[in-house]
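[1] Below are the sequence and a predicted model for it; my questions follow.
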Amino acid sequence: MEAVCRCGETTIELTGKPFESAICYCESCRTAGHGFEQDRDAPQTVRADGGVEYCIYRKDRVKIARGGQHLRDYRLKPDSPTRRVVASCCNSPMFADYTPGHWLSLYRGRLPEPAPEPRVCVMAKDRLEGTELPKDIPAYDSFAPRLMIKLLVTWAAMGFRRPKITF
């Protein structure tokens, strides 16, 4: 599978399926997403309900295949451990990288259809006032316990390594 920017200049090769697909409602994801949407011809990143959809992969199953020169990282604060990466060729948000972690959160819109449907909502306590969460998947005020278990199991399967994503 590949994650591709809107113009096709930047491609990320993915091995296997994501170990989770989620909607995040945290203020940071929403703020960054709305910021990206201001760029010329940028795609919508934030859902109408304020969530941002991700498919989560092990970093050792992700490879920048083409167009790495177009990738630019953004941080909400200079010392933030999370960098959000955009393909500057067409202003497509590609992924969010919690740099000390072993996983990569790809923006779901970069995956081919049918992209894995979200299976959990996280950080629901930060959702916009007056918005309703999807009723067909579980929602958690913080991180879903099953997601935390999957992160630990995945990390163990990786030999507790933390690969770096470079471009």
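    Right, received. Where do you want to start? Numbering: from 1, shown residues only.
[2] From here on, just use CA atoms for contacts and neighbour counts.
    Will do.
[3] List the contacts of V122.
    For V122, the contact set (CA atoms under 8 Å, 6 or more residues apart in numbering) comprises 22-26, 139-144.
[4] got the contact list for the longest helix seen in the chain?
    The residue-count maximum for a helix in the chain (DSSP state H) belongs to helix 145-157. Residues outside helix 145-157 that contact it (CA under 8 Å, 6+ apart) are 19-20, 58, 102-103, 161.
[5] next one: stretch 159-167
    59-60, 62-64, 68-69, 71, 99-102, 155.
[6] The same query, at a cut-off of 6 Å, please.
    59, 68, 102 (CA atoms under 6 Å, 6 or more residues apart in numbering).
[7] Stretch 89-102 too?
    By CA under 6 Å, 6+ apart, the surrounding residues in contact with stretch 89-102 are 5, 42, 59, 70, 81-86, 104-107, 162.
[8] cool, and stretch 128-140?
    49, 119-122, 124.
[9] Name the secondary structure element that contains the residue nearest the centre of the chain.
    By CA atoms, centre = their mean, the chain has its centre lying nearest to S105, at 3.0 Å. Counting by DSSP states H and E, the element that carries S105 is strand 103-107.
[10] Just the CA coordinates for that strand, please, in PDB.
    Extracted in PDB, the C-alpha atoms of strand 103-107 (Å, rounded to 0.1, in the frame of the first residue of the first chain):
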ATOM      1  CA  TRP A 103       4.600   4.600  15.400                       C
ATOM      2  CA  LEU A 104       3.600   7.000  12.600                       C
ATOM      3  CA  SER A 105       0.100   8.500  12.300                       C
ATOM      4  CA  LEU A 106      -0.700   8.900   8.600                       C
ATOM      5  CA  TYR A 107      -3.500  11.200   7.600                       C
END
